[in-house]
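# sharing a sequence plus its predicted fold:
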Amino acid sequence: MYRVLDWITLILWFATTMLLIIFFNRLPAEVPSHYNILGEPDRYANRWFVFFIPALGIALWSFLRYMEQKPQFMHLPKPDQRLASEEQHMILSRMTSLLKNELLLFLTWIMLKNVLLALDITTIHLGIWEFVAFVVILVVTFLIYYIQFKRAKSQSSSG
């Protein structure tokens, strides 16, 4: 499932990046570079700024992909504790995989919204709910895996 999600996320990112490249010459000289809490653009930048979001997204995705493959870097036990179990490493790896895809999908959404807004094409405007939904998704993901991690930790210490 996690590899399928990786592929879906990367395909959406790539398609949106290609859309950005195709329509780049039609973008105005200035494009939105920042949005207020209501989701309205409140700062603008040179149109080349539109490449910042896809570059940031793929850089963060790549870093988290590396961390996903090295979960031992995420769990640093105190000197008096045992190392994390294989199950705990697997849980951290899965959590990182899901978080990296959620982050890239959110940045892909922002990239698509920027292009559509700059081209003066009507876009879905979720306002503050866009940010709230993103934070809730990240927090829920983190909590689910945190609970799994704690369960695995208690089982490995009792067994």
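Yep, it's here.

# which element is the nearest residue in space to Val115 that is not next to it in sequence on?
Here the nearest residue to Val115 in space, its sequence neighbours aside, is Leu20; by C-beta to C-beta, 6 or more residues apart in numbering that works out to 5.4 Å. The C-beta positions use only the backbone N, C-alpha and C, and glycine is treated the same way. Following DSSP states H and E, the helix or strand that holds Leu20 is helix 2-22.

# list the helices and strands that helix packs on?
Helices and strands touching helix 2-22, by 3 or more C-beta pairs under 8 Å, 6 or more residues apart in numbering; DSSP states H and E, are helix 52-69, helix 86-118.

# what's the first one in contact with?
Same thing as helix 52-69. Residues from elsewhere that reach helix 52-69, judged by C-beta atoms under 8 Å, 6 or more residues apart in numbering: 6, 9-10, 13, 16-17, 20, 33, 73-74, 93, 96-97, 99-101, 103-104, 107-108, 110-111, 114.

# swap in 6 Å and give it another go.
Thr17, Ser93, Thr96, Ser97, Lys100, Leu103, Leu104, Leu107, Ile110, Met111 (C-beta atoms under 6 Å, 6 or more residues apart in numbering).

# thought Thr16 was touching Lys113?
No - applying C-beta atoms under 6 Å as the test, Thr16 and Lys113 come out as separate, 9.9 Å apart.

# contacting residues for the residue nearest to the spatial centre of the chain?
Centroid check for the chain by C-alpha atoms, centre = their mean gives Leu103 as the closest residue, at 0.6 Å. Leu103 makes contacts with Leu60, as judged by C-beta under 6 Å, 6+ apart.

# and it, how close does it get to Leu60?
Applying C-beta to C-beta, to the nearest Å, the value for Leu103 to Leu60 is 6 Å.
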